[in-house]
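Novice: structure of the sequence below:
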Amino acid sequence: MKRESTLPPVFAQYQSHVQYVQKVGHSKWTSNCPACLGSVHPDGELPNRCVWFYDDKPLGYCFQCGRTFWPDKAPDWKPPTAEELAGWQREREAEQEARLRSAQTALDNLRGTELWTQYNSMMSERERQWWRSRGIPDSFQNVWGLGWAYDRNAASIPLFDPDYNLLNIKYRLTDTTKGKYRYHLTGQPTPLFLTDPDIPLTNHVIAIEGELKAATSYIVLDDPRACIVGLPGLNPSQGIIDTLSQAERVTLILDPDSDTPGDDGWSRAGRLVKAIGRRSTSLLVPSAKIDDALLAAKADRWDMRRLVGQAELL
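Specialist: Sure, this is the predicted structure:
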């Protein structure tokens, strides 16, 4: 992880509204966004959705929400002309298209290797026992393609779309001194973990913070009709927000630390509920992480049903 920096003085009015500032070029910085925020990625990388350009026409731009940030309090600063702004926008769009092409090429290459199937088939008894200790028997290890990446000393979790196309591989590291998770491909949207890709995300979706927690909960609930997905974290992509927003009903089950209020009075859990839609989203924040609680209690399907029923509308 890179060391955090500060924005150039020309953007001083935004410094107190952003975090995770990194200098990534001679006249280029990244950070989270003053408007739509953003937090540390599940792989431990700092958020970089907002890019700050300090050149002859300095400005900041968020690739997540599309907001532009002008240094309007800087001395002698003049806004760009419409022609200059249009040219700048074309450059940003070209950069984004190039990133998307590169990301798609990397994804196509990963799909061609079928690396996740190798990770699954090469597991020894010790690694399979690690998954069993998390409440996931061999049958589900194989159904979901869970495996072990010996070269990374990490458990591997392939992530698929509803058509069973691989989107990425997530690694759960055994050495967590530098973070717990990493993705095989960086620069890709962080996808949901679909416990059953055949079930559409349109009716009642139970969205649980963390892929392994979702997997354990699905097994305990033992209901083939249940739509359970694993969230990559408390700051999911706008694509995930949009997908969950279209569901008739969403039950969020989040980790115990998610309901701590921030400086603005909103907890991370509350902000996520608000983003999805408060009228259709209920929230459950257990006193312990749900997979740990289920395994410790040797819970059955009825216990899980009662737990889900405790979720409340905010």
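
Novice: pLDDT weak spots in this protein?
Specialist: Per-residue confidence of the chain (counting by pLDDT under 70) places the weak regions at 1-3, 42-44, 72-80, 262-265, 314.

Novice: do you know how far E248 is from T202?
Specialist: Here E248 is placed at a distance of 7 Å from T202 (Cβ to Cβ, to the nearest Å). Where you see a C-beta, it was placed from the backbone N, CA and C, and this is true even at glycine.

Novice: no wait, V10
Specialist: 47 Å.

Novice: which stretches of the stretch 101-250 of the chain form strands?
Specialist: Under the criterion DSSP state E, counting those that start in this stretch, the stretch 101-250 of the chain contains strands at 147-149, 154-160, 166-173, 181-183, 193-194, 204-209, 227-231, 249-253.

Novice: the third one: which residues count as buried?
Specialist: Right, strand 166-173. Across strand 166-173, burial judged by 16 or more other Cβ atoms under 10 Å covers 166-173.

Novice: each with direction, which strands does it pair with?
Specialist: Sheet neighbours of strand 166-173, with direction, are listed as strand 154-160 (antiparallel), strand 181-183 (antiparallel) (DSSP bridges).

Novice: same list (these) but as TSV, adding mean neighbour count.
Specialist: Putting these into TSV (neighbours: other Cβ atoms under 10 Å) gives the following:
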stretch	mean neighbour count
strand 154-160	22
strand 181-183	21
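
Novice: distance to S102 for the ones you listed - can I get that in JSON lines?
Specialist: Listed next are the strands paired with strand 166-173 as JSON lines, based on distance: least, Cβ to Cβ, whole Å:
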{"stretch": "strand 154-160", "distance to S102": "19"}
{"stretch": "strand 181-183", "distance to S102": "15"}
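
Novice: which one of these lies closest to W70?
Specialist: Ranking the strands paired with strand 166-173 by proximity to W70 (Cβ to Cβ) places strand 181-183 first, at 33.6 Å.

Novice: before we move on, back to that, out of the strands paired with strand 166-173, nearest to V143?
Specialist: Each of those was scored for nearness to V143 using Cβ to Cβ, and the closest is strand 154-160 (11.2 Å).

Novice: angle of that closest one against strand 227-231?
Specialist: Between strand 154-160 and strand 227-231, the angle formed by their directions is 120 degrees, by axes from the mean of the first three to the mean of the last three Cα atoms, to 10 degrees.

Novice: extract the CA atoms of strand 154-160 and return them as CSV.
Specialist: As requested, C-alpha coordinates have been extracted for strand 154-160 and formatted as CSV (Å, rounded to 0.1, in the frame of the first residue of the first chain):
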residue,chain,number,x,y,z
ALA,A,154,-4.4,-18.2,0.4
ALA,A,155,-7.9,-19.6,0.0
SER,A,156,-9.4,-18.9,-3.4
ILE,A,157,-13.0,-17.8,-4.1
PRO,A,158,-14.0,-17.5,-7.8
LEU,A,159,-16.7,-15.0,-8.5
PHE,A,160,-19.2,-15.4,-11.3
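
Novice: contacts for it, please.
Specialist: The contact list for strand 154-160, computed with Cβ atoms under 8 Å, 6 or more residues apart in numbering, reads 116, 119-120, 127, 130-131, 144-149, 166-174, 182, 191-194, 197, 211-212.

Novice: the same query, at a cut-off of 7 Å, please.
Specialist: Contacts of strand 154-160 with the rest of the structure, by Cβ atoms under 7 Å, 6 or more residues apart in numbering, involve 116, 119, 130, 145-149, 166-174, 191, 193-194, 197, 211.
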